[in-house]
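Participant: Sequence plus the predicted model coming up.
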Amino acid sequence: MQSGTMVFTQMNRVIFGQPAAAMIVAEAERLGAKRVFLLTGRTLNTDTDEIEKVRRALGSRFAGMHDHMPAHSPRDAVVACANAARAVGTDLLVTFGGGSVTDGGKAVSICLEHGVVDVDGMEPFRAIVADGKRRIPDFRAPKVRQIAVPTTLSAGEFNARAGVTDTRLRLKQSFVHRAIVPESVILDPAVTVHTPEWLWLSSGVRAIDHAVETLLSLDANDYTDGTALQALRALSAGLPGVKEAASNLDARLRCMMGAWLSMVGIVSGTRLGASHAIGHILGGSANVPHGHTSCVMLPYVLDFNAQVNSQRQREVSAAMGRPGRRASEVLDDFIRGLGMPRHLREVKVEEADLPRLAQNCMLDDWTYSNPRPISRSEEVLEILRAAY
């Protein structure tokens, strides 16, 4: 008989299919916020009118904005945003953008609560992986909460974990606390039409990766199986729909709902496997966009794991409408059909760098929860070489 504990976060609500600006104001009113600070991406701020809509809607509640959060949420950008938010007396943080903006916001909330003013000040709050186990420091929950308006499908807004890169080490590190998850998430497909196609589709494959590795997890159970399978159905229909017609808001919302479903296992404690572990390292150590890491790695990880879970992998194929096919082939065809990269060389990873990347993967705890056990960097290197 299975046993376990599902641990949930401190997210209050998810609002979907309604205009983002109006819902941000409604949430600010509900929370009694008077000094709302926006964290967003520069392109979204300068090349669209979405952020201006939010500023106008907030009126006197608007306290300030930071529009510089590079990919993989570097520590210096997190601290710069926190210092700007602190200076204007922020009582509510709104993040409007992709996964790096969302994760950056979670880390900003830690900095605000604990008076972090430089990159070294973040060090006591990061999780450390030693002997295959993650050690999470205990610290005070942030009082300034976050509202997240995502514009990609990476779905990090549902996770109480922030990935932040220490650029000095070229390594992405985790900051974990159940209260750094956003207070609320607003899923408005209309604001995502500005997202570049490659980013939308590749982050959608990232969400598929969440669902696949949840379904194949060592911690798999009936509850998370159901959400993972429905996520695969929604995403495998929605992503091609958006590629065919970028203005199809129904398909965009279906993708967003699928991405949300793909996170149910992760946020309730399900351990994932090598595709995610390698993806974390490719992001922080080789600057590969998160979505592209899944586009490249997931089919190769499925092949590596097939000797221990090939029967289980058949459920992936069936959920994506290709019963009887090998899951790695189904994903390969699907990802290629979206026009996404399938090899590490296509995302500018140097072959000579593979040993270093494999070694860094041993610092990620999900390497050790891969369905086919991994205990040495040489085993990770085997997967990387196959993907090259």
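Facilitator: Nice, I can see it.
Participant: tell me the contacts of the most centrally placed residue in the chain?
Facilitator: Most central in the chain under C-alpha atoms, centre = their mean is Gly156, positioned 3.4 Å from the mean C-alpha point. Counting by C-beta atoms under 8 Å, 6 or more residues apart in numbering, Gly156 makes contact with Gly99, Thr102, Asp103, Pro150, Ala162, Gly163. No exception for glycine: its C-beta is placed from N, CA and C like everyone else's.
Participant: Pop the domain breakdown of this protein in here.
Facilitator: 13-190, 196-387 (automatic domain parsing).
Participant: Need the CA coordinates for the helix or strand hosting Ala21. CSV is fine.
Facilitator: Ala21 is located in helix 20-31, with elements delineated by DSSP states H and E. Taking C-alpha atoms only, helix 20-31 is exported to CSV below (Å, rounded to 0.1, in the frame of the first residue of the first chain):
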residue,chain,number,x,y,z
ALA,A,20,-5.0,41.1,-15.9
ALA,A,21,-5.0,44.9,-15.1
ALA,A,22,-8.5,44.8,-13.6
MET,A,23,-7.8,41.7,-11.6
ILE,A,24,-4.5,43.2,-10.2
VAL,A,25,-6.5,46.1,-8.9
ALA,A,26,-9.1,43.8,-7.4
GLU,A,27,-6.5,41.8,-5.7
ALA,A,28,-4.8,44.9,-4.4
GLU,A,29,-8.1,46.0,-2.9
ARG,A,30,-8.8,42.6,-1.4
LEU,A,31,-5.4,42.7,0.3
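Participant: Quote the end-to-end distance of stretch 153-162.
Facilitator: 16 Å (C-alpha to C-alpha, to the nearest Å).
Participant: now it: mean pLDDT?
Facilitator: Stretch 153-162 carries an average pLDDT of 95.
Participant: between the domains of the chain, which one is nearest to Met1?
Facilitator: Among those, domain 196-387 comes nearest to Met1, with 11.1 Å by C-beta to C-beta.
Participant: measure the closest one end to end?
Facilitator: 25 Å.
Participant: quick one on the thing from earlier: and the helix holding Ala21, how far out from the chain's middle?
Facilitator: 24 Å (C-alpha atoms, centre = their mean, to the nearest Å).
Participant: same question, stretch 266-277
Facilitator: 11 Å.
Participant: Kindly report the same for stretch 269-286.
Facilitator: Stretch 269-286 has its C-alpha centroid displaced from the chain centroid by 11 Å (C-alpha atoms, centre = their mean).
Participant: Quick check: buried residues in that stretch?
Facilitator: Buried residues in stretch 269-286, counting neighbours by 16 or more other C-beta atoms under 10 Å, are found at 270-286.
Participant: Can you show me the strands along the chain?
Facilitator: Applying DSSP state E to the chain gives strands spanning 13-16, 36-40, 62-66, 92-97, 128-130, 133-135, 145-150, 161-166, 171-176, 184-187.
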